[in-house]
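S.K.: can't give you the sequence, but here's the structure:
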């Protein structure tokens, strides 16, 4: 059974309806703004990734070349026992050629890493700056796959023309 | 066919039931007022004609000629004579004649209670007339101009005797008789009363409605005037009396305001809905775009994975195959930035995570200049270079230490 609302009841009903409407609208707007912001960010992030991806894909020929070069040039280890000795011999020969005094060589066991097998040796040197620089320059060329995993140089306080060096030299073989 | 918005509709009482009119064209006959109201087309203006039986009808001779004065006197008369509070009375009057300083008026009044039965029908339909006139005014309007005419007609089961002077009701009486013998018995005393009230009883003609049958002889003998049939009573806008009660007006106003607010609410709802639809469409379009981008990314992901693995492998071998990362190259860059021969290194350290140089300069400013050169060097820009403030040695040279993180 329905009856006509009194003036006070109408006012109350209008207030309640307004509160519900405003609250509902606020929730709607908040939800809309949140979803819109999330979608906009997602699109912006996706487009950024796509741009990077397209740039990368544009360079795919370069990376293909580099991959082929790596496969062709990176040395494969034939004998793990002699790899360290071979590296030491090569370093020793290089040091001799450049009149760098080599001391306390130590060969480390091969280290299997995700991208390579590292065969390392530690050496100490004593020489003037110039031979040392020439030695280092000839030691590291791209197709030798030789890395200096650590290097420490100290000028001799007694004779400032002499430099004491301590290096960890490694050859990085292709993984099996 | 849609009725025009400015069409004028009437509901008038008939001998039995109610008639619905559009201007002078009768559209429907209904047995009750609620049924008649329901038959009204939507839109258009409405006027309602009241039957005479609930009205208090008087002929008054008043000592004034100005309408405002007359209105005040009529109001005073109602307050004196009627057993209702002034605010409960709805009434109006029409000037019948003016003789010197006196005016004869015919007044019609009704109490709110008497109008309640009609108000209920309008209230139920939530529609209200804009004007309410006594039906007798419409009847008077169809009489010949310039004549005094006796009209007897039926409305809502009652017989009404009306003396019309120049198309204006001058005296109206609802009689109890509803057949010819009773009328013949009651009519002489009625005419005597009219005569005592100063109403002219010399009629040019007598008009009888079709429902009042068998009275012709009585009338012809008493009135000594030709008896004719009352023409079809069509609603007239010329009646000068408006009995629209104040609370009907308020209800009508409220109803109109309600309609305006309803329209506004509908408009607001439409705008609200528009924004909701626009928002939903916007989200849908964005979602569609996001899905498209996601699909494209998914399609490219295998290529990306392959490229990234190649890049990672190449970069992991960078210390061995990238000449820019060789120790000798780093030494060259660090040496290139020395501001002069007097600044030199004393120590150099390099591990994959960082490099460090210690050196000496003749002054702190040269040491700082060296640091700024290192930071400006474009080939060292990929390194995060930092340094402590130079430390002064005993030999007055400044010792510096610079750390770089590739």
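M.R.: In hand now; what should we look at? As the structure is a computational prediction, the values presented were derived from the model and not from experiment.

S.K.: Okay, now the unreliable bits of chain B?
M.R.: Residue ranges of chain B with pLDDT under 70: B:1-5, B:238-239.

S.K.: Which helix in it has the most residues?
M.R.: With secondary structure taken from DSSP state H, chain B has its longest helix at helix B:246-316.

S.K.: is the strand or helix carrying residue A:168 up against chain B anywhere?
M.R.: Assigned by DSSP states H and E, residue A:168 belongs to strand A:162-173. Yes: Strand A:162-173 comes into contact with chain B (Cβ under 8 Å from any Cβ of the partner chain), by way of A:170, A:171, A:172. C-beta: built from backbone N, CA, C; applies to glycine.

S.K.: returning to what we had before: got the angle for the longest helix of chain B vs strand A:162-173?
M.R.: Helix B:246-316 runs at 110 degrees relative to strand A:162-173, counting by axes from the mean of the first three to the mean of the last three Cα atoms, to 10 degrees.

S.K.: Can you name the next helix or strand after helix B:246-316?
M.R.: Criterion used, DSSP H and E; the element after helix B:246-316 is helix B:318-321.

S.K.: Can you name every helix or strand that whatever helix or strand residue B:189 lives in contacts?
M.R.: Using DSSP H and E, residue B:189 maps to helix B:180-196. Other elements packing on helix B:180-196 under the criterion 3 or more Cβ pairs under 8 Å, 6 or more residues apart in numbering or on different chains; DSSP states H and E are strand B:158-165, strand B:168-175, helix B:216-223.

S.K.: spatially speaking, which residue is in the middle of chain A?
M.R.: residue A:115 (12.5 Å; Cα atoms, centre = their mean).

S.K.: which ones are touching residue 27?
M.R.: Defaulting to chain A. By Cβ atoms under 8 Å, 6 or more residues apart in numbering or on different chains, residue A:27 lies in contact with nothing.

S.K.: wait, chain B
M.R.: For residue B:27, the contacting residues are B:20, B:21, B:39, by Cβ under 8 Å, 6+ apart.

S.K.: Swap in 10 Å and give it another go.
M.R.: B:9, B:10, B:19, B:20, B:21, B:36, B:39, B:40, B:41 (Cβ atoms under 10 Å, 6 or more residues apart in numbering or on different chains).

S.K.: Where does the last one sit: helix, strand or coil?
M.R.: Put simply, residue B:41 is coil when judged by DSSP: H, G, I helix; E, B strand; the rest coil.

S.K.: That one contacts residue B:21, doesn't it?
M.R.: No: if you go by Cβ atoms under 10 Å, residue B:41 and residue B:21 don't touch, sitting 11.5 Å apart.

S.K.: hey, what's in contact with both of these two?
M.R.: Any residue near both residue B:41 and residue B:21 by Cβ under 10 Å, 6+ apart counts here, and that gives B:9, B:27.

S.K.: more neighbours, those two?
M.R.: Neighbours were counted for residue B:41 and for residue B:21 using other Cβ atoms under 10 Å in any protein chain shown; residue B:21 has more, 19 against 13.

S.K.: That one contacts residue B:11, correct?
M.R.: Yes: using Cβ under 10 Å, residue B:21 is in contact with residue B:11, at 7.5 Å.

S.K.: Overlap in contacts, those two.
M.R.: B:28, B:47, B:49, B:235.

S.K.: between the residues you listed, which is closest to chain A?
M.R.: Comparing these against chain A with Cβ to the nearest Cβ picks out residue B:47 as the nearest, at 26.5 Å.

S.K.: check which helix or strand covers the closest one.
M.R.: Counting by DSSP H and E, residue B:47 is found in strand B:45-50.

S.K.: now do residue B:153
M.R.: For residue B:153, the host element (DSSP H and E) is strand B:148-155.

S.K.: Pull out the buried members of the contacts of residue B:27.
M.R.: Those of those that meet the buried threshold are B:9, B:10, B:19, B:20, B:21, B:36, B:39, B:40, by 16 or more other Cβ atoms under 10 Å in any protein chain shown.

S.K.: Now residue A:128: closest residue in space, sequence neighbours ignored.
M.R.: residue A:161 (5.4 Å; Cβ to Cβ, 6 or more residues apart in numbering or on different chains).

S.K.: how deep is the one you found tucked in, by neighbour count?
M.R.: The number of residues packed near residue A:161 is 10, by other Cβ under 10 Å.

S.K.: if I pick it, what's in contact with it?
M.R.: Counting by Cβ under 10 Å, 6+ apart, residue A:161 touches A:127, A:128, A:129, A:130, A:155.

S.K.: so for the lengthiest helix in chain A, what's the average pLDDT?
M.R.: Under DSSP H, the helix in chain A containing the largest number of residues is helix A:7-58. The pLDDT scores in helix A:7-58 average 92.

S.K.: Which is the succeeding secondary structure element to that helix?
M.R.: Next along from helix A:7-58, by DSSP H and E: helix A:60-73.

S.K.: Show me what that next one is in contact with.
M.R.: Contact partners of helix A:60-73, identified using Cβ under 10 Å, 6+ apart, comprise A:56-57, A:59, A:115-116, A:142-145, A:174, B:303, B:306-311, B:313-314, B:317, B:321.

S.K.: run the last query once more with 8 Å
M.R.: For helix A:60-73, the surrounding residues in contact (Cβ under 8 Å, 6+ apart) are A:142, A:143, A:145, A:174, B:303, B:307, B:310, B:311, B:313, B:314, B:317, B:321.

S.K.: now, which of the residues of strand A:162-173 next to chain B sits nearest residue B:347?
M.R.: For those, the closest approach to residue B:347 (Cβ to Cβ) belongs to residue A:170, at 22.5 Å.

S.K.: domain ranges for chain A?
M.R.: A:7-58, A:75-173 (automatic domain parsing).

S.K.: What residue in chain A comes nearest to chain B?
M.R.: Counting by Cβ to the nearest Cβ, chain A gets nearest chain B through residue A:46, at 3.5 Å.

S.K.: who's in contact with the nearest residue to that residue once chain neighbours are set aside?
M.R.: Once flanking residues are discounted, residue A:46 sits nearest to residue B:293: 3.5 Å by Cβ to Cβ, 6+ apart. By Cβ under 8 Å, 6+ apart, the contact list for residue B:293 reads A:42, A:43, A:46, A:47, A:50.

S.K.: Would you check that my belief about the last one contacting residue B:298 is correct?
M.R.: Think residue A:50. No: judged on Cβ atoms under 8 Å, residue A:50 makes no contact with residue B:298 at a distance of 11.2 Å.
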